[in-house]
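Engineer: structure, please.
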Amino acid sequence: MAGWDNPDVDLLYDINGLARDAPGWADRVMEYVGEYGILLALALLGCWAWWSVRRRSRTREAAAAGFAGLLWAPLAAGVAVLVNIPVRGLVERPRPFVDHTGLEVLVDGKRDYSFVSDHAALAMALAVGLFIVNRRFGLIGIALAALEGFCRVYMGVHYPTDVLGGIALGTAVALLLAPVALWLLTPLAQSVASSPRAGALVWAGPPGGVAPRRGAAAGGTDGGGAQDAGTDAAGTRARADRARKATEPSYATGPEHDPDPDRGPGRGRARDLAA
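Structural biologist: Numbers count the residues shown, from 1 in each chain. From the prediction side, this is the model:
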């Protein structure tokens with residue numbers, strides 16, 4: 001222990017020591033989660049994001065942009081893994097159980113180099129790709145990617161800095177290459193959205209390209225119903241005003257419209273002559 005003055009190694013032993021103290025079933029669960037489970041969860045999260053973008057987008061163009069971002073997420077993960085190949089060959093860092101004894105290694109057969117972690121890079125690239133499309137799904141994915149990094153150290157197959165390097169690599173690939181990738185993928189997604197057969201994969205809206213506002217078809221809960229009600233009320237008031245004016249007497253000037261009901265035509269003329 002005296003030679004382990006490296007914080008990276010100290011943290012490795014602290015986290016991996018949890019596996020030594022845990023029951024056997026917990027180690028088996030962590031082994032499955034760290035090796036396959038979190039990547040499967042990220043794939044299911046991506047499917048959920050696709051379903052949400054497909055159904056909730058207001059226009060076909062917005063759905064195509066979201067679909068292009070979702071296509072970029074797995075592609076970014078693949079690019080991150082490919083970029084990691086020369087990085088591992090350049091650094092040539094052995095696995096922690098090769099140089100350090102007393103570790104609880106939960107996965108056998110890991111003989112390649114350790115830096116950087118493929119699992120961490122792949123998981124973070126997927127998570128950041130989802131974040132570009134939808135923040136809520138992206139934050140869930142980032143939390144899963146962080147858990148993936150913890151599991152890799154817990155399993156005794158990576159140093160903590162291997163995981164940090166993978167997180168940085170996945171984030172850099174997903175963000176820095178996103179503008180070019182989306183520039184290339186968005187026209188493809190728009191073509192698929194316009195296709196009569198495959199368009200439903202991108203957008204679940206009407207063929208016109210714009211989805212109606214919610215509640216418009218059911219009386220206009222967005223304000224259309226209130227506008228119609230206001231128009232009807234105005235028409236009712238106008239009809240009432242016309243009916244009232246029709247029932248009121250007209251006091252036009254002239255002998256046939258005398259405003260004095262007590263004055264007949266003869267009486268009025270006699271009084272005028274007497275005056």
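Engineer: count of residues packed around residue 177?
Structural biologist: 16 (other Cβ atoms under 10 Å). C-beta coordinates here come from the backbone N, C-alpha and C atoms, glycine included.
Engineer: ditto for residue 12
Structural biologist: 24.
Engineer: helix or strand: which one has it?
Structural biologist: Using DSSP states H and E, residue 12 falls within helix 7-21.
Engineer: cool, residue 127 as well?
Structural biologist: Here residue 127 sits within helix 118-133, counting by DSSP H and E.
Engineer: residue 28 now?
Structural biologist: helix 24-32.
Engineer: for residue 113, same thing?
Structural biologist: Here residue 113 is assigned to no helix or strand, by DSSP H and E.
Engineer: so it sits right up against residue 87, yeah?
Structural biologist: No. Contact status for residue 113 versus residue 87: not in contact, 9.1 Å apart, counting by Cβ atoms under 8 Å.
Engineer: mind pulling up the pLDDT for residue 255?
Structural biologist: Residue-level confidence at residue 255 comes out at 48, pLDDT.
Engineer: residue 220 too?
Structural biologist: pLDDT for residue 220: 42.
Engineer: would you map the helices across the stretch 101-250 of the chain?
Structural biologist: 118-133, 135-154, 160-176, 178-194, 224-247 (DSSP state H, counting those that start in this stretch).
Engineer: dump those helices into CSV; add mean pLDDT and mean neighbour count as well.
Structural biologist: Output for these, formatted as CSV (pLDDT from 0 to 100; neighbours: other Cβ atoms under 10 Å):
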stretch, mean pLDDT, mean neighbour count
helix 118-133, 95, 27
helix 135-154, 95, 20
helix 160-176, 96, 22
helix 178-194, 92, 16
helix 224-247, 53, 10
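Engineer: residue 95: which of those helices is closest?
Structural biologist: helix 160-176 (9.2 Å; Cβ to Cβ).
Engineer: packing partners for the closest one?
Structural biologist: helix 7-21, helix 60-91, helix 118-133, helix 135-154 (3 or more Cβ pairs under 8 Å, 6 or more residues apart in numbering; DSSP states H and E).
Engineer: compare residue 113 and residue 87 and say which is more crowded by neighbours.
Structural biologist: The neighbour comparison of residue 113 against residue 87 (other Cβ under 10 Å) goes to residue 113, with 18 against 15.
Engineer: so what's the more buried one up against?
Structural biologist: 88-89, 91-95 (Cβ atoms under 8 Å, 6 or more residues apart in numbering).
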